[in-house]
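Novice: make a model of this:
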Amino acid sequence: MVKLKKIFMDFYFSEKGSTLIEIALYIALVVIVCIAVVTALGDKLQGVFQKIVDSL
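Specialist: Below is the predicted model of the structure:
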């Protein structure tokens, strides 16, 4: 029983899981920022590309 408790406590206080969660949160933040930038600049970018296509 003591060995099982030690295994559980080692797993509970392990930092591997928290590091994975932190990385996932950073990735989610980057994705949200990218979506916000594309949404905000979408019309302007479409105009720029349309000018390029028209000039060809």
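Novice: for the rest of this, base every contact and every neighbour count on C-alpha atoms.
Specialist: Fine.
Novice: what's the single longest helix in this protein?
Specialist: Identified as the longest helix of the chain according to DSSP state H is helix 16-55.
Novice: so where is the protein shaky, pLDDT-wise?
Specialist: 1, 8-9, 11-18 (pLDDT under 70).
Novice: middle-most residue in it, spatially?
Specialist: I27 (1.7 Å; C-alpha atoms, centre = their mean).
Novice: distance of that one from V38?
Specialist: As judged by C-alpha to C-alpha, to the nearest Å, I27 and V38 stand 17 Å apart.
Novice: tell me what the longest helix of the chain is packed against?
Specialist: Under the contact criterion of 3 or more C-alpha pairs under 8 Å, 6 or more residues apart in numbering; DSSP states H and E, helix 16-55 touches no helix or strand at all.
Novice: so how far is it from its chain's centroid?
Specialist: 11 Å (C-alpha atoms, centre = their mean, to the nearest Å).
Novice: can you check stretch 47-56 too?
Specialist: Between the centre of stretch 47-56 and the centre of its chain there are 32 Å (C-alpha atoms, centre = their mean).
Novice: buried residues in that stretch?
Specialist: Residues of stretch 47-56 include none that count as buried (16 or more other C-alpha atoms under 10 Å).
Novice: count the neighbours of I23 for me.
Specialist: 11 (other C-alpha atoms under 10 Å).
Novice: from now on call the first residue 258
Specialist: Done: numbering now begins at 258, and the last item shifts to I280.
Novice: nothing else from me, thank you.
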